[in-house]
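> Return a 3D structure for these sequence lines:
(one chain, ligands or ions: 1)
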Amino acid sequence: MTLADTEKKIKSMEIRGAGRIARTAANALKEHSETIKSKDLKVFVEEMNAAAEILLKTRPTAVSLPNAINIVMKGVREAKTYEDAWHAVHESADKFVKESDLAVKKIAEIGAARIKDGDVVLTHCNSEAALACIIEAHRQGKKFEVFATEVRPRNQGHITIKTLSDAGIKTNFIVDSAARFFMKKVSLVIVGSDAVTVNGAVVNKIGTSQIALCAHESRTPFIVAAETYKFAPKTLTGELIEIEERDTSEVLDEKMAKELSNVNIRNPAFDFTPSDYVDLIITEKGAIPPEMAYVIIRDYLGWNIEDFDR
Ligand SMILES: O=P(O)(O)OC[C@H]1O[C@H](OP(=O)(O)O)[C@H](O)[C@@H]1O
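As a prediction, this is how the structure comes out:
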């Protein structure tokens with residue numbers, strides 16, 4: 001796939017999901033390095049930086065994207081020779097993809113331990129990490145059922161119910177606005193994440209924070225499955241996570257929208273769930289309370305407050 005194809009597919013959400021976007025970007029940088037004709041280090045670094053910029057601009061919210069790009073580009077920017085830079089891209093991209101796959105497997109093991117016989121688990125959107133926990137619990141023979149939301153406007157819930165159904169898991173499909181109606185039946189909420197801030201707030205698909213609020217009201221545990229590369233280093237200095245606002249045509253038919261001259265259509269793709277509503281974040285390094293987000297950013301992503309020029 002060319003860099004332009006990757007760019008298009010991430011923007012259009014043909015390739016989506018925070019983890020998948022990150023792995024795709026890492027692979028795209030590796031593939032792009034092979035198309036650079038020059039063996040001059042300066043030219044190579046410039047062209048790789050330009051590719052990284054293009055990928056960074058595809059979607060603004062999932063922090064897994066800049067984190068993956070930083071991991072792959074670090075060796076390129078530090079290399080003293082063209083050969084070192086070329087090898088750095090290849091090694092770091094392969095390592096990132098392998099570790100990302102392993103992280104999901106580890107999260108599945110840790111998260112599955114939180115699901116018990118008789119549970120009613122609610123999930124929102126389509127998260128590879130959250131679904132891995134649910135599927136692993138089912139594989140271990142636990143008997144439970146799932147509520148999955150529709151996830152307007154892009155209907156990622158359709159992918160979720162197909163995956164759950166194929167896995168043989170009893171699933172109830174509900175519209176997003178039915179979450180509170182059913183919350184009294186739900187014993188555990190598991191969602192994924194696009195970004196976790198240093199203060200433990202979770203950025204995830206629009207509607208997540210409403211579900212967290214209902215879970216809080218019903219005293220239902222709310223847990224988040226997130227690889228460590230979804231934690232956001234830039235929030236150490238108070239920088240905010242940008243919430244992507246997507247095209248209004250995803251929400252309302254363009255023809256109908258044109259007839260409604262007084263209506264402003266809004267389409268934020270994500271929202272913030274404050275740490276107060278998050279019981280636990282399952283990472284591949286273990287289950288942590290949201291208040292420990294700083295430790296993940298410092299110890300596993302290797303970022304510290306002094307790393308930022310201010
Ligand atoms: O990495 P995994 O766990 O698959 O997904 C994490 C999150 O990424 C998705 O974003 P989108 O659908 O690309 O906007 C959803 O918000 C999902 O919860």
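> roughly how far apart are Asp117 and Phe182?
20 Å (CB to CB, to the nearest Å). Every C-beta, even on glycine, is put in place using the N, C-alpha and C of the backbone.
> So for those two, which sits in the more crowded spot?
When Asp117 and Phe182 are compared for neighbours, Phe182 comes out ahead with 15 against 9, by other CB atoms under 10 Å.
> Any idea what the closest residue to the more buried one other than its chain neighbours is bridged to?
Of all residues not flanking Phe182 in the chain, Phe147 sits nearest, at 5.7 Å (CB to CB, 6 or more residues apart in numbering). Applying DSSP bridges to Phe147 gives these bridge partners: Leu122, Asn172.
> contacting residues for Phe147?
Counting by CB atoms under 8 Å, 6 or more residues apart in numbering, Phe147 touches 120-123, 171-172, 174, 182, 185-186.
> Enumerate the residues of the stretch 201-310 of the chain near the ligand.
204-205, 269 (CB under 6 Å from any ligand atom).
> okay if I get those residues as JSON lines plus secondary structure, neighbour count and pLDDT?
Converted to JSON lines, those look like this (DSSP: H, G, I helix; E, B strand; the rest coil; neighbours: other CB atoms under 10 Å; pLDDT from 0 to 100):
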{"residue": "Asn204", "secondary structure": "strand", "neighbour count": "29", "pLDDT": "98"}
{"residue": "Lys205", "secondary structure": "strand", "neighbour count": "26", "pLDDT": "98"}
{"residue": "Ala269", "secondary structure": "coil", "neighbour count": "19", "pLDDT": "98"}
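> In a strand, Ile135, correct?
No. Assessed with DSSP: H, G, I helix; E, B strand; the rest coil, Ile135 is helix; it does not lie in a strand.
> what's the domain layout of the chain?
3-106, 113-309 (automatic domain parsing).
> So among the contacts of Phe147, which ones count as buried?
Among the contacts of Phe147, those classed as buried by 16 or more other CB atoms under 10 Å are 120-123, 171, 174, 186.
> Helix or strand for the residue nearest to Phe173 when sequence neighbours are not counted, just tell me which one.
Excluding the flanking residues, the one nearest Phe173 by CB to CB, 6+ apart is Ile161, at 5.1 Å. Take DSSP states H and E as the rule and Ile161 turns out to sit in helix 156-166.
> And that helix, what does it pack against?
helix 128-139, strand 145-149, strand 171-174 (3 or more CB pairs under 8 Å, 6 or more residues apart in numbering; DSSP states H and E).
> Need the contact partners of the first one.
This means helix 128-139. Here helix 128-139 makes contact (CB under 8 Å, 6+ apart) with 17, 19-20, 104-105, 107-112, 114-115, 121, 123, 144, 146, 160, 163-164, 167-169, 190-193, 224-227, 282.
> Just the CA atoms of it, as PDB, please.
Below are the C-alpha coordinates for helix 128-139, written out as PDB (Å, rounded to 0.1, in the frame of the first residue of the first chain):
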ATOM      1  CA  GLU A 128     -10.000  -4.700  19.800                       C
ATOM      2  CA  ALA A 129      -8.600  -4.500  23.300                       C
ATOM      3  CA  ALA A 130     -12.000  -4.600  25.000                       C
ATOM      4  CA  LEU A 131     -13.300  -7.400  22.800                       C
ATOM      5  CA  ALA A 132     -10.100  -9.400  23.400                       C
ATOM      6  CA  CYS A 133     -10.900  -9.500  27.200                       C
ATOM      7  CA  ILE A 134     -14.500 -10.600  26.500                       C
ATOM      8  CA  ILE A 135     -13.500 -13.300  24.000                       C
ATOM      9  CA  GLU A 136     -10.800 -14.600  26.200                       C
ATOM     10  CA  ALA A 137     -13.200 -14.900  29.100                       C
ATOM     11  CA  HIS A 138     -15.600 -16.800  26.800                       C
ATOM     12  CA  ARG A 139     -12.700 -19.100  25.700                       C
END
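> Could I get the average pLDDT for that helix?
Averaged across helix 128-139, pLDDT comes to 98.
> what do you get for stretch 38-51?
Throughout stretch 38-51, pLDDT has a mean value of 97.
> Go through that stretch and flag the buried ones.
41, 44-45, 47-48, 51.
> Then stretch 295-302?
296-298, 301.
> what does stretch 94-105 give?
96-97, 99-100, 103-104.
> now check the helix of greatest length in the chain, is it near the ligand?
With secondary structure taken from DSSP state H, the chain has its longest helix at helix 82-112. No. Applying CB under 6 Å from any ligand atom, one finds helix 82-112 separated from the ligand by no less than 7.7 Å.
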